[in-house]
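S.K.: below are the sequence and a predicted model; questions follow.
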Amino acid sequence: MTAPTPGIDGFRTPRATCLLAPNPSPMTLDGTNTWLIAEPGSSSVVVVDPGPDDEAHLRRVQAAAVDGERRVATILLTHGHPDHSAGAARFAGLTGAPVRAADPAHRLGAEGLADGDVVTAAGCELRVVASPGHSADSVCLLLPADGALFTGDTVLGRGTTVIAGDGNLGDYLRSLAQLRDLAGAREVGLLLPGHGPMLTDPLATLDYYLSHRRERLDQVRSALAAGAKTPAEIVAMIYTDVDPSVWPAAEWSVRAQLDYLARADGQP
């Protein structure tokens with residue numbers, strides 16, 4: 001395992017560098033993390049999550065990626081939400097690189113990303129870990145050489161993520177448990193999220209994420225018992241620790257929690 005050191009926009013490992021997109025918001029934190037991955041001295045680079053369709057950001061990523069005589073070997077998407085993927089087509093046009101994604105709708109000139117796939121490029125090996133939950137098409141990418149896991153929105157650098165409209169809480173809990181197993185087996189020593197800073201204690205982070213979800217489910221049960229009828233009413237009762245500006249997004253998670261609890265086999 002290698003300790004993170006300051007990088008261009010916050011952090012880097014020996015093989016991964018973060019470039020921060022200029023799209024800060026309560027949902028995206030400081031902005032989207034675009035990751036450049038390459039073995040030192042490699043003639044090519046992998047780009048993960050080009051981010052929004054922001055020309056200045058994409059040009060900056062291109063300049064950092066090529067850095068002399070390098071080429072962009074491939075573009076990988078952790079999932080298809082626009083703050084991660086909207087710039088992918090334009091970036092592919094700038095660099096000539098294909099786009100790989102779990103969702104066929106976001107692929108360009110390349111195959112998909114499925115659990116267990118191994119992407120070998122830029123002198124590195126990246127292992128695909130399917131992590132549906134935040135969205136149906138979410139994947140994480142394991143970089144064994146750095147003991148690092150690119151988590152997209154499955155795990156954030158600060159706070160917790162929402163279960164989006166195309167996500168599922170049961171899937172998310174299973175994904176978190178799978179990632180915790182990787183951390184427990186010491187395969188992962190760093191989490192490199194799609195938003196926010198690096199996390200250097202993956203096991204503690206994933207334990208917190210799992211306990212937080214159990215706590216929220218208990219709170220939803222209590223809100224229902226107290227007479228709450230709608231997701232908005234539940235959010236107002238139990239998301240008092242969250243900025244009200246993101247309450248509409250919190251309703252996505254509440255709907256996922258209600259669906260989970262309504263299933264006969266649902267377990268917190």
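M.R.: Structure's in. What do you need?
S.K.: remind me which residues of the stretch 151-268 of the chain are low pLDDT?
M.R.: Along the stretch 151-268 of the chain, the model assigns pLDDT under 70 to residues 264-268.
S.K.: how about the strands in this protein?
M.R.: 16-20, 33-37, 44-48, 71-76, 99-100, 118-121, 124-130, 139-143, 148-152, 190-193 (DSSP state E).
S.K.: indicate which one of those is closest to Glu111.
M.R.: Closest of the strands of the chain to Glu111 is strand 99-100, at 6.5 Å (criterion: CB to CB). Backbone N, C-alpha and C define where each C-beta goes, glycine included.
S.K.: what sits up against the closest one?
M.R.: Contact partners of strand 99-100, identified using CB atoms under 8 Å, 6 or more residues apart in numbering, comprise 74-77, 88-89, 92, 106-113, 119.
S.K.: now rank those residues by neighbours and give me the top one.
M.R.: Ile75 (29 neighbours; other CB atoms under 10 Å).
S.K.: what about the spatially closest residue to it that is not a sequence neighbour, neighbour count?
M.R.: Once flanking residues are discounted, Ile75 sits nearest to Val99: 4.6 Å by CB to CB, 6 or more residues apart in numbering. The number of residues packed near Val99 is 20, by other CB under 10 Å.
S.K.: can you redo the strands of the chain as JSON lines with distance to Leu206?
M.R.: Formatted as JSON lines, the strands of the chain follow (distance: least, CB to CB, whole Å):
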{"stretch": "strand 16-20", "distance to Leu206": "20"}
{"stretch": "strand 33-37", "distance to Leu206": "19"}
{"stretch": "strand 44-48", "distance to Leu206": "20"}
{"stretch": "strand 71-76", "distance to Leu206": "22"}
{"stretch": "strand 99-100", "distance to Leu206": "26"}
{"stretch": "strand 118-121", "distance to Leu206": "23"}
{"stretch": "strand 124-130", "distance to Leu206": "13"}
{"stretch": "strand 139-143", "distance to Leu206": "11"}
{"stretch": "strand 148-152", "distance to Leu206": "10"}
{"stretch": "strand 190-193", "distance to Leu206": "8"}
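S.K.: of all those, which lies closest to Val254?
M.R.: Closest among the strands of the chain, using CB to CB: strand 148-152, at 22.0 Å.
S.K.: direction included, what does the closest one pair up with?
M.R.: Applying DSSP bridges, strand 148-152 is found paired with strand 139-143 (antiparallel), strand 190-193 (parallel).
S.K.: got these as a markdown table, with distance to Thr151 and mean neighbour count columns?
M.R.: Formatted as a markdown table, the strands paired with strand 148-152 follow (distance: least, CB to CB, whole Å; neighbours: other CB atoms under 10 Å):
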| stretch | distance to Thr151 | mean neighbour count |
| --- | --- | --- |
| strand 139-143 | 5 | 25 |
| strand 190-193 | 5 | 26 |
